[in-house]
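Trainee: Here is my input, please return the structure:
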Amino acid sequence: MERKTDLDKDMAKILITAEEIEAITERLADQIDHDYRGSGKKLLLLGILKGSVVFMGELMKKMTLPVEIDFMKVSSYGAGTSTSGRIKILLDIHRNDLSETDIIIVEDIIDSGRTLSYLKEYLELGGAHSVRTCTMLDKPSRREVDFTPDYRGMEIPDEFVVGYGLDYAEQYRALPYVGILKPEVYKK
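Mentor: Numbers count the residues shown, from 1 in each chain. Coordinates of the predicted model:
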């Protein structure tokens, strides 16, 4: 049973329950553990602020391999719900050991694919040993570039979703589920 919050009233419906999220993060952690066991390189989860924080925290707790974490902050969104199409790095990663590091970029959701496509190439050109991507949610119907995440929690329909790290106007991140936000909330 989902915990009740003051923000529940803004949801059209719950898309992914807390229990389903638990199963998704467990599955992804197992896949990553399997793929990187014995790699001989440092494993780094690179969270994209702010949305990935909740997902990345749960993912790393379920992993059995030693893992380091770091963060980048990237902007690709304009006002409200639209994207600008431009990628701007607001907080970069600074490491001297990229050639000895396997990086998994952790994101909350992939829409157009532009941000992760750009970051993957950016980190590869920066000398990372390897770069893969992991997302909790994927909206391939919104894809604007040829991009497929290496690890995908769940494909979702083209709906405005919040919760479990995802926000609208910096609200709803702490919800324990992913919900579809009522249009009247964001179309004011």
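
Trainee: any chance you could map the strands in the chain?
Mentor: Secondary structure of the chain (DSSP state E): strands located at 11-16, 42-49, 68-77, 83-91, 101-110, 130-138, 151-155, 161-162, 178-181.

Trainee: For Val145, which non-adjacent residue is closest in space?
Mentor: Nearest residue to Val145, sequence neighbours excluded (Cβ to Cβ, 6 or more residues apart in numbering): Gly113, at 4.6 Å. Yep, even glycine has a C-beta here, placed from its N, CA and C like the rest.

Trainee: From the centre of the protein outward, give me the first residue you hit.
Mentor: Glu107 (1.7 Å; Cα atoms, centre = their mean).

Trainee: what separates that one from Arg86, distance-wise?
Mentor: Between Glu107 and Arg86 the computed distance is 17 Å (Cβ to Cβ, to the nearest Å).

Trainee: try Arg152
Mentor: For Arg152 relative to Arg86 (Cβ to Cβ), the value is 25 Å.

Trainee: From the contact counts, what lies against the longest helix belonging to the chain?
Mentor: Secondary structure assigned by DSSP state H gives helix 18-36 as the longest helix of the chain. With contacts defined as 3 or more Cβ pairs under 8 Å, 6 or more residues apart in numbering; DSSP states H and E, helix 18-36 has these neighbours: helix 53-62, strand 130-138, strand 151-155.

Trainee: As CSV, the strands of the chain with distance to Tyr168 would be great.
Mentor: Converted to CSV, those look like this (distance: least, Cβ to Cβ, whole Å):
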stretch, distance to Tyr168
strand 11-16, 11
strand 42-49, 17
strand 68-77, 11
strand 83-91, 14
strand 101-110, 12
strand 130-138, 15
strand 151-155, 19
strand 161-162, 5
strand 178-181, 6
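
Trainee: ok so, going back, out of the helices and strands packed on helix 18-36, which one sits most buried?
Mentor: strand 130-138 (a mean of 22; mean count of other Cβ atoms under 10 Å).

Trainee: quick one: it to strand 101-110, angle?
Mentor: 20 degrees (axes from the mean of the first three to the mean of the last three Cα atoms, to 10 degrees).

Trainee: show me where pLDDT drops low in the chain?
Mentor: Where the chain drops to pLDDT under 70, the residues are 1-3, 77-85.

Trainee: Repeat the analysis, applying 90 as the threshold.
Mentor: 1-7, 75-87, 186-188 (pLDDT under 90).

Trainee: Would you convert the helices and strands packed on helix 18-36 into a markdown table that also reports distance to Ile24?
Mentor: Converted to a markdown table, these look like this (distance: least, Cβ to Cβ, whole Å):
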| stretch | distance to Ile24 |
| --- | --- |
| helix 53-62 | 9 |
| strand 130-138 | 7 |
| strand 151-155 | 4 |
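
Trainee: who wins for proximity to Gln31 among those?
Mentor: Counting by Cβ to Cβ, Gln31 lies closest to strand 151-155 out of the helices and strands packed on helix 18-36; the figure is 6.0 Å.

Trainee: Are there helices or strands packed against the closest one, and which ones?
Mentor: Secondary elements touching strand 151-155 (3+ Cβ pairs under 8 Å, 6+ apart): helix 18-36, strand 130-138.
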